[in-house]
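[1] this is a predicted model, with the sequence first.
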Amino acid sequence: MARTLLAEQGPEAVTLRAIARALGITAPALYRYYASREDLAAALRRDICIDLAEELAAEVAALPDDGVIQLFAICKGFRRWALAHASEFTLVFASPAGGNRSAMRQFDEPFGRIFLRAAARLLTTYDVVLPSSDAIPEALREDLIGFQSELLCVLAESGQKFPAEKLDLGVTYLMITFWARIYGHVTLEVFGNYPMTVDDPDVLFDATLEDLGRSIGVITNG
């Protein structure tokens, strides 16, 4: 019922009172399952991320065991899903998560694991061009070190086949900037905020992926 309300009316419509009304029960009865709207939203986020991860995993399973092909397919699949599920995208990726971090930041959740697996294949099979030490802003280093430590803990606990020895500061910085560009592009498109009219958005997104690939040395031609 919460997913239906979310899809039909948007994130603001998902309240305990609205769900109770749709189910024909009292709002207090729902408190046996959810202590607050924030708990309900967190449960929705988890369910949505699981479904998205399963959808992307099924697509990746049919592809060659190539990190670039799989990572780009995941990015395209994420964009396609976001455009088809704007309300779900808004709840999970474009609204405050309260005390619960989004699945992309918390890499031990299903959606993050899909990206980690593809990134691992790319790092182990390609000579990736990493940012030089001088290219990483000094003011970001402490934050990157903290994020790097969190990722290493996740990898150790989750059994991910990510080459932890390669997760240096350059790789960490690359992962953050790569995601920022993909996420930013998709967000602009979902909310109709491109700074110009684009007749064929697919071409622009594909060009963005190719540019990212060239920047890290995994694509050598256009």
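    Received, thanks.
[2] give the buried residues for stretch 142-160.
    Applying a neighbour-count criterion of 16 or more other Cβ atoms under 10 Å, one finds L144, F147, Q148, E150, L151, V154, L155, Q160 buried in stretch 142-160. (C-beta placed from N, C-alpha, C; glycine too.)
[3] now do that stretch: distance to the chain's middle.
    In terms of Cα atoms, centre = their mean, to the nearest Å, the gap separating the centre of stretch 142-160 from the centre of its chain is 16 Å.
[4] now swap in stretch 171-190 and tell me
    Put simply, stretch 171-190 sits 9 Å off its chain's centre (Cα atoms, centre = their mean).
[5] one more: stretch 155-170?
    With Cα atoms, centre = their mean, you get 18 Å for stretch 155-170.
[6] would you mind pulling the contact partners of that stretch?
    With Cβ atoms under 8 Å, 6 or more residues apart in numbering as the test, stretch 155-170 has contacts from 108, 113, 116-117, 119-120, 123-124, 130-133, 136, 141, 144-145, 148, 151-152, 154.
[7] average pLDDT for the helix or strand hosting D202?
    Element membership of D202, judged by DSSP states H and E, is helix 201-215. Helix 201-215 comes out with an average pLDDT of 95.
[8] which other helices and strands contact it?
    Helix 201-215 is packed against helix 67-84, helix 169-190, with contacts defined by 3 or more Cβ pairs under 8 Å, 6 or more residues apart in numbering; DSSP states H and E.
[9] save the ones you listed as TSV, and put in distance to A35, mean pLDDT and mean neighbour count too.
    Below are these laid out as TSV (distance: least, Cβ to Cβ, whole Å; pLDDT from 0 to 100; neighbours: other Cβ atoms under 10 Å):
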stretch	distance to A35	mean pLDDT	mean neighbour count
helix 67-84	29	95	19
helix 169-190	30	92	17
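[10] can you check the pLDDT for N100?
    pLDDT, N100: 47.
[11] quick one: the helices in the protein?
    Along the chain, counting by DSSP state H, helices occupy 2-9, 16-23, 27-30, 37-61, 67-84, 86-93, 110-125, 141-158, 169-190, 201-215.
[12] what angle separates the second one from helix 37-61?
    Taking axes from the mean of the first three to the mean of the last three Cα atoms, to 10 degrees, one finds that helix 16-23 is oriented at 70 degrees with respect to helix 37-61.
[13] what residues of helix 16-23 count as buried?
    Residues of helix 16-23 classed as buried by neighbour count (16+ other Cβ under 10 Å): L16, A18, I19, A20.
[14] export that helix as PDB, just CAs?
    In PDB, the C-alpha atoms belonging to helix 16-23 read as follows (Å, rounded to 0.1, in the frame of the first residue of the first chain):
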ATOM      1  CA  LEU A  16       0.900   6.500   8.600                       C
ATOM      2  CA  ARG A  17      -2.500   8.200   8.600                       C
ATOM      3  CA  ALA A  18      -2.900   7.900   4.800                       C
ATOM      4  CA  ILE A  19      -1.900   4.200   4.800                       C
ATOM      5  CA  ALA A  20      -4.200   3.400   7.700                       C
ATOM      6  CA  ARG A  21      -7.000   5.100   5.900                       C
ATOM      7  CA  ALA A  22      -6.400   3.100   2.700                       C
ATOM      8  CA  LEU A  23      -6.200  -0.100   4.700                       C
END
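[15] run through the neighbouring helices and strands of it.
    Other helices and strands packing on helix 16-23, by 3+ Cβ pairs under 8 Å, 6+ apart, are helix 2-9, helix 27-30, helix 37-61.
[16] that's all I had, so thanks and see you.
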